[in-house]
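*Asks:* Here you go, sequence then predicted model.
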Amino acid sequence: MIPSRPLFGIERVWLTADRLWPPFVNQLVVEGAGDLDATRWRAAVETILPAWPGARARLRGTLGWTRWVGDGAPPAVVEVDGAGWDARGPAPFTGRRLDPEEGPIVEALLVAGAPPRVVLRTHHAAFDGRAAWALAEDLGAALRGEPIRGAAFADLSDVALVDGLGSRGSRRAPAADATFPTGPATTADESVTWARVTLPRSGGNVLPRAIVALADASRTFQPDGRGLLRVSLPVDLRRHHDGLRAAANLTGFVRVELPTDAPGSPEAVGAAIAAALERRDEIDVIRATHPLRFVPLAAMVAAGGADARAALRRGRASNSAAISNLGRLDPNVLDHKGFRGHGLFWIPPGNLGNPLFVTLTGHPGGIELCGAMPDALADDGRLARLLTTMSAGMAAK
C-alpha cells in the first residue's frame, strides 16, 4: 500500500503562497571544499527513499480529502554552474519552482564553483525546517555509508498532534496595523529577492537580540521614526512530542510586538517569547487553519493575493516580519569522501504576504542572517541596508 497522509490546513496556506509567489521552498545551502559527485548523490537518494516516503510525495484529491501520496517523482539531483555566485543574493537556480502536484518536491543542487556548494531544496508545504534538516542528516549518513533514521509520514495528523494541548492564548487575528521594516512600498512589484550577511560573533540570547536589532534598524526607514513592529516566530510543534521525526510542516507561530522607537531590551523580549510559549500560543494557528481544508484553493489564492496587495498599498499589514531561529547547526552534515563543509545558511521562502522573512543560522563561523523580501519593499538597497544595520545592532547588544 502506498503511504500517504492528509494535507494539513497550514500546509494549504503555504500551497496558496506557492501559487501566488513561487517558489515557496526551504533552501539549505552548505558551503565547503572538494568535489561533488552526482553519481554518489543519486545513490544516496536511492538509499534513503524507503525510509523517506515523504520525500517523494505528491498531492492527490480535492478539498478536505487532499492527501500527500508517496508515489511522486523522487528527489532530483542537479548539477549547476555556480561560477560568479557569491551566495549573498539570488541566483537563477534558487528561484526554480518545485511541483507539489507531480514532484519532485525535493531537489539537491550540486553547485560547482569556488567554493562548491550544495543547495538542498524542499517544498515548504510538505517540509518545515526541522523536517528538511532531518532529511539532510540522513542524506549525509547515506553518503558516508552510515545508518539512516528515516521520518514518519503515513497518516500523520496535525490536529491529533495538538489534541489535548489546549492553548491559553488569544485566538483573535491581529489587526492590520504593523509597519513594514523598510518603510512604505515604492512600486507594485510582486517579485521577491533575498540577501545575506554574516555576524562573525554569535553570543547568546540570539533571537531576542535579533528582534530588538530589527526594531532599531527599522526605525531609520519610518517616515517619523515610529512604528509598530509585529514579529511572527515559527515554533516547532514536535516540542510537545519527544523524539518525533516527521516529514511534514508541523510549525505554528507565536508573536511579539514592540514599538520601533522604544523596543526595550533583549531580556524583556525574551520574557515575552517565554510567556507565549508557556501559553502554547503556537497551537492556535493549527486549529485556526484546519477548516481551510474545505476552502477551494482558487478562492484562497484570490483572497490571499488581494489582501497582500491591499496591505502593500496601505503601508500596514497584520505582520511586519517572521524570524526563524534555526539554532547552531553542523556544517559537516553532508560531509563524505571528497567533500567537507565549512559553513551553511538557510534561504527563507519569501512572498508578498510577508514583508520580511529572516532566518538565523549559527555555525562555528558565526551567525548567518538571510532575509527574503518583496522587491517593492527591498528596492534601492533597502533590504541589504536593513540586514547590515540589524547585524551591527546584534553585535552591539
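*Replies:* Noted; the coordinates are in hand. Numbers count the residues shown, from 1 in each chain.

*Asks:* drop to CA atoms for contacts and neighbour counts, all remaining ones
*Replies:* OK.

*Asks:* Using PDB, write down the CA coordinates of the helix or strand where Ala268 lies.
*Replies:* Assigned by DSSP states H and E, Ala268 belongs to helix 266-279. Extracted C-alpha coordinates of helix 266-279, given in PDB (Å, rounded to 0.1, in the frame of the first residue of the first chain):
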ATOM      1  CA  PRO A 266      16.500  41.600  24.600                       C
ATOM      2  CA  GLU A 267      15.800  40.400  28.100                       C
ATOM      3  CA  ALA A 268      12.300  41.800  28.000                       C
ATOM      4  CA  VAL A 269      11.600  40.400  24.500                       C
ATOM      5  CA  GLY A 270      12.900  37.000  25.700                       C
ATOM      6  CA  ALA A 271      10.500  37.100  28.600                       C
ATOM      7  CA  ALA A 272       7.600  37.900  26.200                       C
ATOM      8  CA  ILE A 273       8.600  34.900  24.000                       C
ATOM      9  CA  ALA A 274       8.800  32.600  27.000                       C
ATOM     10  CA  ALA A 275       5.400  33.700  28.100                       C
ATOM     11  CA  ALA A 276       3.900  33.000  24.700                       C
ATOM     12  CA  LEU A 277       5.500  29.500  24.700                       C
ATOM     13  CA  GLU A 278       4.200  28.900  28.200                       C
ATOM     14  CA  ARG A 279       0.700  29.700  26.900                       C
END
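
*Asks:* Pull out the buried positions in stretch 110-123.
*Replies:* Neighbour-count burial for stretch 110-123 flags 110-113, 115-123 (criterion: 16 or more other Cα atoms under 10 Å).

*Asks:* Can you tell me the closest non-neighbouring residue to Glu257?
*Replies:* In this structure, Glu257 finds its nearest non-sequential neighbour in Arg230, 4.4 Å apart by Cα to Cα, 6 or more residues apart in numbering.

*Asks:* Residues contacting whichever strand or helix holds that neighbour, please?
*Replies:* Element membership for Arg230 (DSSP H and E) is strand 228-236. Under the contact criterion Cα atoms under 8 Å, 6 or more residues apart in numbering, strand 228-236 has outside partners 130, 177-181, 211, 215, 250-260, 282, 318-324.

*Asks:* Pull up the pairing partners for that strand, direction included.
*Replies:* Here strand 228-236 is paired, per DSSP bridges, with strand 251-259 (antiparallel), strand 321-328 (parallel).

*Asks:* Would you mind listing the outside residues contacting the helix or strand where Leu135 lies?
*Replies:* Per DSSP H and E, Leu135 falls inside helix 129-144. With contacts defined as Cα under 8 Å, 6+ apart, helix 129-144 is touched by 26, 40-41, 44-45, 47-48, 120, 122, 147-151, 236, 245-249, 326, 333-337.

*Asks:* What residues sit buried inside the very next helix or strand once past that helix?
*Replies:* Toward the C-terminus, helix 129-144 is succeeded by helix 158-162 as the next helix or strand (DSSP H and E). By neighbour count on 16+ other Cα under 10 Å, the buried set for helix 158-162 is Asp158, Leu161, Val162.

*Asks:* Thought Arg96 was touching Pro23, still the case?
*Replies:* Yes - using Cα atoms under 8 Å, Pro23 is in contact with Arg96, at 6.2 Å.

*Asks:* and those two? which has more neighbours close in?
*Replies:* Pro23 (21 against 13; other Cα atoms under 10 Å).

*Asks:* Look up how far Asp330 lies from the more buried one.
*Replies:* 26 Å (Cα to Cα, to the nearest Å).

*Asks:* My read is that Ala176 contacts Ser320, right?
*Replies:* No - using Cα under 8 Å, Ala176 is not in contact with Ser320, being 9.7 Å away.

*Asks:* Would you mind stating the distance between Asp261 and His336?
*Replies:* Distance from Asp261 to His336, by Cα to Cα: 49 Å.

*Asks:* let me redo that: Gly64
*Replies:* 43 Å.

*Asks:* Next: Arg60.
*Replies:* Arg60 is 36 Å from His336, by Cα to Cα.

*Asks:* now Gly32
*Replies:* Taking Cα to Cα, one finds Gly32 at 11 Å from His336.

*Asks:* which one of these two has more residues nearby?
*Replies:* Gly32 (22 against 19).

*Asks:* Can you classify the more buried one as helix, strand or coil?
*Replies:* strand (DSSP: H, G, I helix; E, B strand; the rest coil).

*Asks:* per-residue pLDDT, it?
*Replies:* Gly32 carries a pLDDT value of 97.

*Asks:* tell me how far stretch 127-140 is from the chain's mean position?
*Replies:* 13 Å (Cα atoms, centre = their mean, to the nearest Å).

*Asks:* oh sorry, the question was meant for stretch 86-106
*Replies:* Relative to the centre of its chain, stretch 86-106 is centred 13 Å away, using Cα atoms, centre = their mean.

*Asks:* Show me what the biggest helix by length in the chain is in contact with.
*Replies:* Longest helix of the chain, by residue count under DSSP state H: helix 297-314. Contact with helix 297-314 is made by 12-13, 16-17, 19-20, 63, 176, 184-185, 188, 317, 352-353, as judged by Cα under 8 Å, 6+ apart.

*Asks:* Which positions within that helix qualify as buried?
*Replies:* So, applying 16+ other Cα under 10 Å, buried residues of helix 297-314: Leu297, Met300, Val301, Gly304, Gly305, Ala308, Arg309, Ala311, Leu312.

*Asks:* before we move on, what about stretch 353-371?
*Replies:* For stretch 353-371, the neighbour count (16+ other Cα under 10 Å) marks 353-363, 366-371 as buried.

*Asks:* Tell me the one of the buried residues of helix 158-162 nearest Pro104?
*Replies:* Asp158 (23.0 Å; Cα to Cα).

*Asks:* That closest one reaches Gly252, doesn't it?
*Replies:* No - Asp158 is beyond contact range of Gly252, at 10.4 Å (criterion: Cα under 8 Å).
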